[in-house]
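Novice: A structural model of the following input is requested.
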Amino acid sequence: MSKKGEQSRQKLVDATATLLQRQGYHATGLAEIVAESGAPRGSLYFYFPGGKEELACAALEASGARWREIIEAVVGSSHDPGEAVETVCRFLGEGLAASGFTEGCPLATVGLEATNESELVRTTIAKHYEGWTERIGARLVAAGVDAESARKMATFALATIEGALLLSKVARSPAPLFEAGAMLRALVGMLPGR
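Specialist: Numbers count the residues shown, from 1 in each chain. Okay, the predicted model is just below:
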């Protein structure tokens, strides 16, 4: 692929990721993606012959990977997993507030509405959530928590953070994320091996 072609493809992916995060799968149309990206209309089906579904999956993969990198950088300086999870919740709350409460989790908006209609979209999102859960669990195990407790706590932590993101978005306040972070920190401190 030429450099110009790669740039057009990336513009489509980035525009789709932004639109999906803000407004979801159903509200995001192909014409809007082309307009937002500035890419030539013909490039959409050239790079994504599967249309909106294929493009949405590429965008979800890219935005999920970006979020993972950002969150790993945020917790990278913390050696305590409880402190790390509270730091992540604070970071997410501040980011959500800075976006005017329009940009929550890049996967959740689509996950709530499109997983019954597209198996490809569902599996793309599930793969990211599984990866995030595994990373949280691995961090807990590295801190001395037994594997089974770490797995359960990782699922609980991710579910809590996703729920707190939704509550914060609806309330237009980062408080639910801040409160969830404080509670998760306390719970992590009570895990066996801590």
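
Novice: where do the helices sit along this structure?
Specialist: 3-23, 30-37, 41-47, 51-75, 81-98, 108-114, 119-142, 147-171, 175-189 (DSSP state H).

Novice: need those helices in CSV with mean pLDDT, can you?
Specialist: Shown next, in CSV, are the helices of the chain (pLDDT from 0 to 100):
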stretch, mean pLDDT
helix 3-23, 89
helix 30-37, 94
helix 41-47, 89
helix 51-75, 91
helix 81-98, 94
helix 108-114, 86
helix 119-142, 92
helix 147-171, 95
helix 175-189, 96
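
Novice: could the ones you listed be laid out in a markdown table, adding mean neighbour count?
Specialist: (Glycine included, C-beta is placed from N, CA and C.) Output for the helices of the chain, formatted as a markdown table (neighbours: other C-beta atoms under 10 Å):
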| stretch | mean neighbour count |
| --- | --- |
| helix 3-23 | 18 |
| helix 30-37 | 16 |
| helix 41-47 | 16 |
| helix 51-75 | 18 |
| helix 81-98 | 20 |
| helix 108-114 | 19 |
| helix 119-142 | 17 |
| helix 147-171 | 18 |
| helix 175-189 | 19 |
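
Novice: residue contacts, residue 80?
Specialist: Contacts for residue 80 (C-beta atoms under 8 Å, 6 or more residues apart in numbering) come out as residue 143.

Novice: per-residue pLDDT of it, please?
Specialist: Here the pLDDT value assigned to residue 80 is 89.

Novice: quick check: it vs residue 94, distance?
Specialist: 20 Å (C-beta to C-beta, to the nearest Å).

Novice: residue 52 now?
Specialist: 32 Å.

Novice: cool, residue 160 as well?
Specialist: Applying C-beta to C-beta to residue 160 and residue 94 gives a distance of 18 Å.
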